[in-house]
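Q: from the sequence below, what's the structure:
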Amino acid sequence: MDLFSKGKSKANPEKIKQIKNWIYQVFEIDEQIIISLNQLQCTEPGCPPLETVIVIMDESRQPYKIHKSIAEIEREDILKLQQR
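A: This next block holds a predicted model:
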């Protein structure tokens, strides 16, 4: 049973670039550090239909989840992640 699968719709490359730029700015990290964005579809009850998982590939590699598709993410969502 595949509970999590990648969302079927492809994210706009320009939107992905914009989100990564927001992450670099908000978290004040070196642009040489890789950022991974994965849009996932959840089929478990109570799960949002799509979520985006962000991993900053530094020492911590802490995953951040935003319960929105990549297309719906705004700068304010990234600011909220930093406040955690």
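
Q: how far out from the middle of the chain is the helix ranked longest in the chain?
A: Longest helix of the chain, by residue count under DSSP state H: helix 13-27. When distances are taken as C-alpha atoms, centre = their mean, to the nearest Å, helix 13-27 is centred 10 Å away from the chain's centroid.

Q: go on, stretch 37-45?
A: 11 Å.

Q: mean confidence (pLDDT) on it, please.
A: Average pLDDT, stretch 37-45: 86.

Q: mind listing what's buried along that stretch?
A: 37, 39-42 (16 or more other C-beta atoms under 10 Å). From N, CA and C alone the C-beta is placed, and that goes for glycine too.

Q: what does stretch 63-78 rub up against?
A: 7, 9, 11-12, 15-16, 19, 22-23, 26, 37, 39, 48, 50-56, 81, 84 (C-beta atoms under 8 Å, 6 or more residues apart in numbering).

Q: what's the most distant pair in the buried residues of stretch 37-45?
A: Within the buried residues of stretch 37-45, 37 and 42 form the most distant pair, 16.3 Å apart (C-beta to C-beta).

Q: and the strands in the protein?
A: 4-6, 35-42, 50-56, 63-66 (DSSP state E).

Q: any chance of those strands in JSON lines, plus distance to residue 73?
A: Formatted as JSON lines, the strands of the chain follow (distance: least, C-beta to C-beta, whole Å):
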{"stretch": "strand 4-6", "distance to residue 73": "16"}
{"stretch": "strand 35-42", "distance to residue 73": "9"}
{"stretch": "strand 50-56", "distance to residue 73": "6"}
{"stretch": "strand 63-66", "distance to residue 73": "6"}
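
Q: looking at those, which is buried most?
A: strand 50-56 (a mean of 19; mean count of other C-beta atoms under 10 Å).
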